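*Asks:* Fold the following for me, if possible:
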Amino acid sequence: MIDPHVHLRDWEQSYKETIEHGLETAYRAGLDAVFEMPNTSPPITSIDLIIQRIADKDCAMDKLKSKYPNFNMGYGLFAGVTANPVKIKEIVEAYNELDEVVGLKMFAGRSTGDLEIIEEDKQRLVYDTLADLDYRGVIAVHCEKEAFMKPKLWNPDEPYTHTLARPAESEDKSVQDQIMFAQEAGFKGTLHICHVSVPKSLERIEKMRDYVSFKMTCGITPHHAMMYDEMMKEVNGLFRKMNPPLRLKWMQEEMLQALIDGRIPWVESDHAYHTRKEKLGKALDSNGKPIYASGVPVFHYYPRFIKFLREKGMTEKQIDNITHNNIEKAFGIKIKNTRRAGKQTDEELEALSKEYEFDAFKKIMA
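*Replies:* Take a look at the predicted model:
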């Protein structure tokens, strides 16, 4: 089983997660491979940092192999996209030369880190440059359009307001933009829309697949499949703050059903740990303001989610498709599928749940 969307922190953020700990927890959760996102600190936007990250990964792997005799974990890395054609060329060359680089990642809106590309002309520049370079790989995009966000509605004393500040329309309009920009540029690769949370976004992707000259995929997270906005009104609702945010209950239910029905190609955890203090606003950023970080740890919940999907009637073939086969096909890779996730004992699941300071999935079904 492959998780194609994880954040392993490390470097300047090693106080919250390290490559070694993330890979170990993923392995214990039953995963066979993870693909890491580049919004680290510093962000992975150059060949030098890509090489450094791969070296650090290799070091972590060696330690884990000595700890677990049967340890075997595939690893992929997304290179971070900036609006600089020279830097884009550099990471495309890294993709062409290094097996570990599985694709590129663009943030079409502010989230965690400093990789956002907000202006439409700069987003167009990215696709134009990729088309000129004849890039045929995957570009994964975080879709939330700034023009439709309502930051003044956000009130940390009422965590639920985060869902109002980053409305569903923001995601859908950004998805619309990315499809249009890629098509107009003559992009030849695969456009992957990360963590889709809105039925209208999914419908747009499905409709446009037959009209564009490039491939399109999308994924859904366990949290968007299992949780909805009202849950942020519960105690410690800030633990469930993420980007994109939780949606209305009917949207969550429809997206879960879409996954079960095979309309969404795969599950991606978007595992993104922050400390308890960062989530609750008790840690400050560089400007002295409370952080109220967006993102949740998911590795510990992944096996429970797979077990839940089996209990909902999904066949092993269907599970294989959304956790492995469709991902292999899109990225052109081969990873051995051990199908271990969802088969852990209660004791193993309990131990996994203690790996992080908080559990956003507490009391959630499965």
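*Asks:* Could you identify the longest helix within the protein?
*Replies:* For the chain, the longest helix by residue count, based on DSSP state H, is helix 47-67.
*Asks:* Sheet-wise, list the partners of the following helix or strand past that one with their directions.
*Replies:* Remark: after helix 47-67, the chain's next helix or strand is strand 74-80, criterion DSSP states H and E. Here strand 74-80 has these sheet partners by DSSP bridges: strand 33-36 (parallel), strand 101-107 (parallel).
*Asks:* Who are the packing partners of the helix or strand just after the longest one?
*Replies:* Toward the C-terminal end, the helix or strand that comes next after strand 101-107 (DSSP H and E) is helix 120-132. Secondary structure elements in contact with helix 120-132, counted by 3 or more C-beta pairs under 8 Å, 6 or more residues apart in numbering; DSSP states H and E, are helix 85-97, strand 101-107, helix 168-185. From N, CA and C alone the C-beta is placed, and that goes for glycine too.
*Asks:* again, only using 7 Å
*Replies:* Counting contacts by 3 or more C-beta pairs under 7 Å, 6 or more residues apart in numbering; DSSP states H and E, helix 120-132 is packed against helix 85-97, helix 168-185.
*Asks:* isn't Arg124 right next to Phe181, touching?
*Replies:* Yes - contact criterion C-beta atoms under 7 Å: Arg124 and Phe181 qualify, at 5.0 Å.
*Asks:* follow-up on the earlier one: out of the strands paired with strand 74-80, which comes closest to Glu328?
*Replies:* Proximity to Glu328 (C-beta to C-beta) singles out strand 33-36 among these, at 9.5 Å.
*Asks:* tell me the most buried of the helices and strands packed on helix 120-132?
*Replies:* Among these, helix 168-185 has the highest mean neighbour count (mean count of other C-beta atoms under 10 Å), at a mean of 21.
*Asks:* where along this structure do the strands fall?
*Replies:* 2-7, 33-36, 74-80, 101-107, 138-142, 190-193, 215-220, 266-267, 271-272 (DSSP state E).
*Asks:* ok, the nearest residue to Asp320 once chain neighbours are set aside to Phe299 distance?
*Replies:* In this structure, Asp320 finds its nearest non-sequential neighbour in Asn337, 6.6 Å apart by C-beta to C-beta, 6 or more residues apart in numbering. From Asn337 across to Phe299, the span is 18 Å (C-beta to C-beta, to the nearest Å).
*Asks:* Neighbour count for the two, which is higher?
*Replies:* Neighbours of Asn337 and Phe299, each counted by other C-beta atoms under 10 Å, are more numerous for Phe299; the result is 27 against 16.
*Asks:* measure the more buried one to Leu164 for me?
*Replies:* From Phe299 over to Leu164 (counting by C-beta to C-beta), the distance is 29 Å.
*Asks:* Name the residues of stretch 131-141 that are buried.
*Replies:* 131, 133, 135-141 (16 or more other C-beta atoms under 10 Å).
*Asks:* I'd like the residues you listed written out as CSV, with pLDDT and distance to Pro151 added.
*Replies:* Listed next are those as CSV, based on pLDDT from 0 to 100; distance: C-beta to C-beta, whole Å:
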residue, pLDDT, distance to Pro151
Ala131, 99, 33
Leu133, 99, 35
Tyr135, 99, 33
Arg136, 98, 37
Gly137, 99, 34
Val138, 99, 30
Ile139, 99, 27
Ala140, 99, 25
Val141, 99, 21
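*Asks:* which one among these gets closest to Ser14?
*Replies:* So of the buried residues of stretch 131-141, ranked by how close each gets to Ser14 (C-beta to C-beta), first place is Ala140, at 24.2 Å.
*Asks:* Now do the contacts for Phe214.
*Replies:* Phe214 sits next to 182, 187-191 when contact means C-beta atoms under 7 Å, 6 or more residues apart in numbering.
*Asks:* can we see that at 10 Å?
*Replies:* The contact partners of Phe214, by C-beta atoms under 10 Å, 6 or more residues apart in numbering, come to 127, 131, 136, 139, 179, 182-183, 185-191.
*Asks:* So what does the residue nearest to Asp320 look like in phi/psi?
*Replies:* phi -100, psi 110 (degrees, to the nearest 10).
*Asks:* Now do it against Pro303, distance only.
*Replies:* Distance from Asn337 to Pro303, by C-beta to C-beta: 15 Å.
*Asks:* what comes into contact with the helix or strand bottoming out on mean pLDDT in the chain?
*Replies:* Least confident element among the helices and strands of the chain, by mean pLDDT, DSSP states H and E: helix 346-353 (a mean of 94). When contacts are defined by C-beta under 10 Å, 6+ apart, helix 346-353 is touched by residues 25, 28-30, 297, 299-304, 307, 344-345, 359, 361-362.
*Asks:* which among these end up buried?
*Replies:* 25, 28-30, 297, 299-304, 307, 344, 359, 361.
*Asks:* ok, those residues vs Asp157, which is closest?
*Replies:* In terms of C-beta to C-beta, no member of the buried ones among the contacts of helix 346-353 lies closer to Asp157 than Asp359, at 22.3 Å.
*Asks:* Tell me which residues touch that closest one, please.
*Replies:* 236, 239, 296-297, 300-301, 353.
*Asks:* Quick one: mark the members of the residues you listed that sit in helices.
*Replies:* Reading helices off the contacts of Asp359 with DSSP H, I get Ser353.
*Asks:* Kindly reformat the contacts of Asp359 as a markdown table containing distance to Ser41.
*Replies:* Putting these into a markdown table (distance: C-beta to C-beta, whole Å) gives the following:
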| residue | distance to Ser41 |
| --- | --- |
| Asn236 | 26 |
| Phe239 | 22 |
| Val296 | 19 |
| Pro297 | 18 |
| His300 | 23 |
| Tyr301 | 25 |
| Ser353 | 27 |
